[in-house]
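**Q** Kindly generate the corresponding structure for this input.
(chains A, B, C and D)
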There are 2 protein chains.
Amino acid sequence: MDNVADDLRSAGLRVTAARVAILDHVRSGNHLDAERIARGVRGSLGHVSTQAVYDALHALTKAGLLRRIEPAGSPARFESRVGDNHHHLVCRSCGEVADIDCVVGEAPCVEPSETHGYAVDEAEVVFWGVCPQCQAQAAGSGGGEPAQTESGG
Amino acid sequence: MDNVADDLRSAGLRVTAARVAILDHVRSGNHLDAERIARGVRGSLGHVSTQAVYDALHALTKAGLLRRIEPAGSPARFESRVGDNHHHLVCRSCGEVADIDCVVGEAPCVEPSETHGYAVDEAEVVFWGVCPQCQAQAAGSGGGEPAQTESGG
DNA sequence: TCAGTTTCTTGAATCATTCCAGTTTGTGGC
DNA sequence: GCCACAAACTGGAATGATTCAAGAAACTGA
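**A** As a prediction, this is how the structure comes out:
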């Protein structure tokens, strides 16, 4: 528990109950959105304002202790695995997010063929699919309705 | 111009002035957001409700005539290049989006190392950087403030 | 032209997130 | 342990993108 406080300190951030709880919460249950984090933190601290949660999340993200990911069509999520440029697997049905290690080592991902003059500093890869649970549910309900299946491309 | 109407028809959509104008507009100026599209369409048709624009964009996207992209932190954008699974280059400073052909052919992009049981059907790659214009501006203003530089990973 | 269905209009609502002003709390020095 | 300062938190309102709802208008095929 205390290493959380330590991490905050070494990142140059003040150690407050809210921040400790938030960081701890994100570390124990990864890829949570702001609301879920707020709820969890309130469960342990009693009361924390929404604003405090957003503020802390921004501070932690800026300090490099959290990483913010934002899959299309769902609110921002936060994860504690920072530093390695891993990628994500998002379920179209339930929105669940899973981590994936860099696809082919690392170089190919960050080396676009034409940069159009852009100064590229990061490559973000998101795989879209259906998670095992939703697959099972869809199969179990006789091929029901797996939320949205836009079949984009 | 009429091939737009044709495309609508062959996609099973009714041909209305709003839809023709919207599809035409997106094709001429790519990667536009809903508001910009609405403004442009109003410029040619006089008046179109915001709702009609969103509705048409959804219909066109669902029909496969448009593709919706949603870079983190900016409103949804629409592009007319569908079918090929190309990727995108997004400017951190101004939000501008550019197309990039698939990085390494196509296979590596859609083949994550571990799928965690997910049924993966699409890989989305977004390169983050700074566009030439914003680079020039930043250099011109003596290294000013290029919006946000979160230095994520 | 008629009927039926789809699409558009207007207005309000929703959701995630941010802004503001004032109070509280953590931190370092004494 | 106490003080002062800056950072963090509270409560409330606001913003921006998008969606919902109900009724009017337009498109399509007969």
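
**Q** Stretch A:57-68 near chain B at all?
**A** Yes: against chain B, stretch A:57-68 shows contacts by C-beta under 8 Å from any C-beta of the partner chain at A:T61, A:K62, A:G64, A:R67, A:R68. From N, CA and C alone the C-beta is placed, and that goes for glycine too.

**Q** In stretch A:79-94, which residues are buried?
**A** A:E79, A:S80, A:V82, A:N85, A:H86, A:H87, A:H88, A:L89, A:V90, A:C91, A:R92, A:S93 (16 or more other C-beta atoms under 10 Å in any protein chain shown).

**Q** And chain B, is the lowest-mean-pLDDT helix or strand in chain A touching that?
**A** Lowest on mean pLDDT, DSSP states H and E among the helices and strands of chain A sits helix A:132-140, with a mean of 84. Yes: Helix A:132-140 reaches chain B (C-beta under 8 Å from any C-beta) through A:P132, A:Q135.

**Q** Would you mind listing the buried residues in that helix?
**A** Neighbour-count burial for helix A:132-140 [16+ other C-beta under 10 Å]: A:C134, A:Q135, A:Q137, A:A138.

**Q** related to what we said a few turns ago, closest one of the residues of stretch A:57-68 next to chain B to chain B?
**A** A:R67 (6.0 Å; C-beta to the nearest C-beta).

**Q** strand partners of the longest strand anywhere in chain A, parallel vs antiparallel please.
**A** Determined from DSSP state E, the single longest strand within chain A is strand A:119-130. Note on strand A:119-130: by DSSP bridges, its sheet partners are strand A:87-91 (parallel), strand B:119-130 (antiparallel).

**Q** Rounded mean pLDDT for the longest one, please.
**A** Looking at strand B:119-130 alone, the average pLDDT works out to 89.

**Q** What is the distance between that strand and the centre of its chain?
**A** When distances are taken as C-alpha atoms, centre = their mean, to the nearest Å, strand B:119-130 is centred 13 Å away from the chain's centroid.

**Q** Likewise for the first one?
**A** When C-alpha coordinates are averaged (C-alpha atoms, centre = their mean), strand A:87-91 and its chain have centres 10 Å apart.

**Q** how about that strand, does it get close to DNA strand C?
**A** No: on the criterion C-beta under 7 Å from any atom of the strand, strand A:87-91 is out of touch with DNA strand C, staying 14.9 Å away.

**Q** Show me what that strand is in contact with.
**A** A:69, A:71, A:96-103, A:109, A:124-131, A:134, B:112, B:115-116, B:118, B:120 (C-beta atoms under 8 Å, 6 or more residues apart in numbering or on different chains).
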